[in-house]
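> sequence first, then the predicted structure, then my questions.
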Amino acid sequence: MEFSSKLLEKAVNEMSQLPGIGKRTALRLVLHLLKQPKEQTTFLSQSLLNMREDIKFCESCHNISDVEVCEICSNKNRDHQLICVVEDIRDVMAIENTGQFKGIYHVLGGKISPIDGVGPSQLKISSLVEKIKSGNARELIFALSSTMEGDTTNFYIYKQIQDCDIITSTIARGISVGDELEYADEVTLGRSILHRVPFENSFKSN
Ligand SMILES: [Zn+2]
C-alpha cells in the first residue's frame, strides 16, 4: 500500500495491529476519524490510555474491574459458596446476561495449552485451589469451552481438589436450542445422549 503521508501510514500500521483488522479496514477507520471532529480522536485515544493506566483485576475472582474487589464478589446477595470457573471476562459477561447464575466466578485468564506455551502457572489456578482448600465453597462449576484445552484445564484443576469436600459440576453440553437433531455433529449428539437429564428438569429454569 502506497501512502501520500507518513503520518497516515503510521496510523494505519498501528490500527492494523489489532486482531481482525487488515490494512484496508485500518485505512477506512483512520480516514473516518480524519473526517470527524478532532475531539472524537482525542476521546478515543484518551479512553484507551485511561483503560490501560487505571484498570484493575479483582483480588478475589481476577475479573477486570475498576475497584479492588469487583461488584459481583462484593455483592452480599450472591451465593459465595457457588463458584463458576471461566476463561475470561467475556464468559462472565455471557453468563451474567442469562440472568440464571447467582453465584460468583473465578476467572482463569486462559486455559492450559502446551502448543501456545500456556502452562498452569500462567493461569489463576493456585488461588482457586487455595480458595477451595480453605473450605469456603460448596460447589465448583466448570464452564470452560468444550475443547481439548478446556477439558485438560478442567481435569488439571479437578485433580488438585478431588480430595476436598466440594461438589464439582460442568455446564451441560448438547444440542443448541432451536437446532434440528440431524444437523448436530456426532460428538455433540453423543454427549447429549450420555448427559441426558430427567424430563422434568428440561423445562425448569433453575
Ligand atoms: Zn471479583
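Done, it's in.
> mind checking the longest helix of the protein?
Secondary structure of the chain per DSSP state H: the longest helix is helix 38-54.
> packing partners of the following helix or strand past that helix?
Downstream of helix 38-54, the first helix or strand assigned by DSSP states H and E is strand 56-57. Contact here means 3 or more C-beta pairs under 8 Å, 6 or more residues apart in numbering; DSSP states H and E; on that basis strand 56-57 packs against strand 64-65. For the C-beta atoms, the positions are set from N, CA and C on the backbone; glycine is no exception.
> quick one: contacts of the strand it packs on?
55, 56, 57, 58, 71, 89 (C-beta atoms under 8 Å, 6 or more residues apart in numbering).
> ok, and of those, which contact the ion?
residue 58 (C-beta under 5 Å from the ion).
> which one of the contacts of strand 64-65 has the most neighbours?
Using other C-beta atoms under 10 Å as the neighbour criterion, residue 58 leads the contacts of strand 64-65 with 22 neighbours.
> what does this structure have sitting close to the ion?
Close to the ion, as judged by C-beta under 5 Å from the ion, the chain has residues 58, 60, 61, 63, 70, 73.
> picking up where we left off before, and the longest helix of the chain, how far out from the chain's middle?
24 Å (C-alpha atoms, centre = their mean, to the nearest Å).
> now do stretch 144-155
In terms of C-alpha atoms, centre = their mean, the centre of stretch 144-155 is set 13 Å apart from its chain centre.
> buried set for that stretch?
Burial within stretch 144-155, assessed by neighbour count using 16 or more other C-beta atoms under 10 Å, is assigned to 144, 149, 150, 151, 152, 153, 154.
> could you check how far the most centrally placed residue in the chain is from the ion?
With distances taken as C-alpha atoms, centre = their mean, the residue of the chain nearest its centroid is residue 88 (2.5 Å). Distance of residue 88 to the ion, given as C-beta to the ion, to the nearest Å: 13 Å.
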